[in-house]
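S.K.: would you be able to build a 3D model of this:
(one chain, ligands or ions: 2)
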Amino acid sequence: MSSPMGSPAPPAAGRAWAIVAAAGSGERLGCREPKAFHPVAGVPMLERVLDVVSRVALDGIVVVVPAGWEESARASVGRRFARAVVVAGGASRRESVRLGLGAVAEDAEAVVVHDASRPLVSPDLIERALAALAGASGAVCAVPVVDTLKRVEGDRIAGTVPREWLWRAQTPQAFRAAALREAHARAAAEGIEATDDSALVERCGEPVVVVQGEERNMKITTAADLALAEALLGPREFGGAAGGLA
Ligand code: CTP
Ligand code: MG
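M.R.: Residues are numbered from 1 along each chain as shown. Ligands and ions are numbered 1, 2, ... in the order given. The predicted model follows:
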């Protein structure tokens, strides 16, 4: 039987859905509420991400939040998208995206996955990830490593690692829906965890291309990242209202 992923690429814009992974707790940030509900310059990360995603032509969106936080997310999601679903996530990011995928419409041809912990994403980056699907099963936004890399053992430099092939993966990551569904089904069946969806699609042997990411599209993990994100945002506008609320 030939793989459904072996079929020709769909038109880049054909029936595209987004999954926003927002079900993490934010242990390293150490906030009271789940990280996606924590404000960055006065506006919760999830709100910021939804505002950006709503500026991309999409057929629907699934937002994955921690169990018990569905109602908090539903109002702001429904306000922006005609076809929106909020679902509870799982114990790992991999499981949360798999659960989100279960709520994506059957007729979706492309799915773009984005982490709520990257609220400085741009609509352009999401669009470029989706457009890159014209020639591949997956498209990962990433930026080249610019630092010199050292392998360290104890306090000793054990070697210098060539960096010319090394990139730092971000989200958004866009996939043909069939490829992403297959990759997640296999990973769940085999008990494989990964920190991004591309790794799961790659291990199925599917072609994944890189899309030039944005340095600004940083990931908020720690309090220092949060401070940096707030500095990057500056006094910019958010959704028509003044951002950077004191
Ligand atoms: N995520 C998720 N479900 C999980 C774990 C993570 O949907 N069970 C999401 C997070 O909400 C986040 C993204 O995956 O948008 C990347 O995860 P990370 O930045 O590590 O966030 P947290 O897991 O919340 O943070 P920490 O690891 O510090 O607890
Ligand atoms: Mg985590």
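
S.K.: check contacts around G24.
M.R.: Contacts for G24 (C-beta atoms under 8 Å, 6 or more residues apart in numbering) come out as 34-36, 66, 89, 93, 96, 116-117. (Each C-beta comes from the backbone N, C-alpha and C, glycine too.)

S.K.: give the other helices and strands that the host helix or strand of F175 contacts.
M.R.: In the assignment (DSSP states H and E), F175 maps to strand 167-176. In terms of contacts (3 or more C-beta pairs under 8 Å, 6 or more residues apart in numbering; DSSP states H and E), strand 167-176 is packed against strand 110-115, helix 123-131, strand 138-144, helix 197-202.

S.K.: now do the last one, average pLDDT.
M.R.: Just to be clear, that refers to helix 197-202. For helix 197-202, the mean pLDDT works out to 98.

S.K.: out of the contacts of G24, who's near ligand 1?
M.R.: 35-36, 89, 93, 96, 116-117 (C-beta under 6 Å from any ligand atom).

S.K.: now the chain, which segments are flagged as low pLDDT?
M.R.: The chain contains residues with pLDDT under 70 at 1-13, 236-246.

S.K.: who in it is up against ligand 1?
M.R.: Counting by C-beta under 6 Å from any ligand atom, the chain sits next to ligand 1 at 21-28, 35-36, 64, 89-93, 96, 115-117, 219, 221.

S.K.: bridging residues for the spatially most central residue of the chain?
M.R.: Centroid-nearest residue in the chain: H114, 1.9 Å away (criterion: C-alpha atoms, centre = their mean). Applying DSSP bridges to H114 gives these bridge partners: V20.

S.K.: roughly how far does the residue in the chain that ligand 1 sits nearest to sit from F37?
M.R.: As assessed by C-beta to the nearest ligand atom, ligand 1 sits closest to G24 within the chain, at 2.0 Å. Distance of G24 to F37, computed by C-beta to C-beta, to the nearest Å: 11 Å.

S.K.: residue boundaries of the strands in the protein?
M.R.: 16-21, 39-40, 43-44, 60-65, 84-88, 110-115, 138-144, 149-153, 156-161, 167-176, 208-212, 237-238, 241-242 (DSSP state E).

S.K.: want to throw those strands into TSV with distance to D124?
M.R.: Shown next, in TSV, are the strands of the chain (distance: least, C-beta to C-beta, whole Å):
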stretch	distance to D124
strand 16-21	15
strand 39-40	20
strand 43-44	20
strand 60-65	18
strand 84-88	22
strand 110-115	13
strand 138-144	11
strand 149-153	29
strand 156-161	32
strand 167-176	11
strand 208-212	11
strand 237-238	17
strand 241-242	22
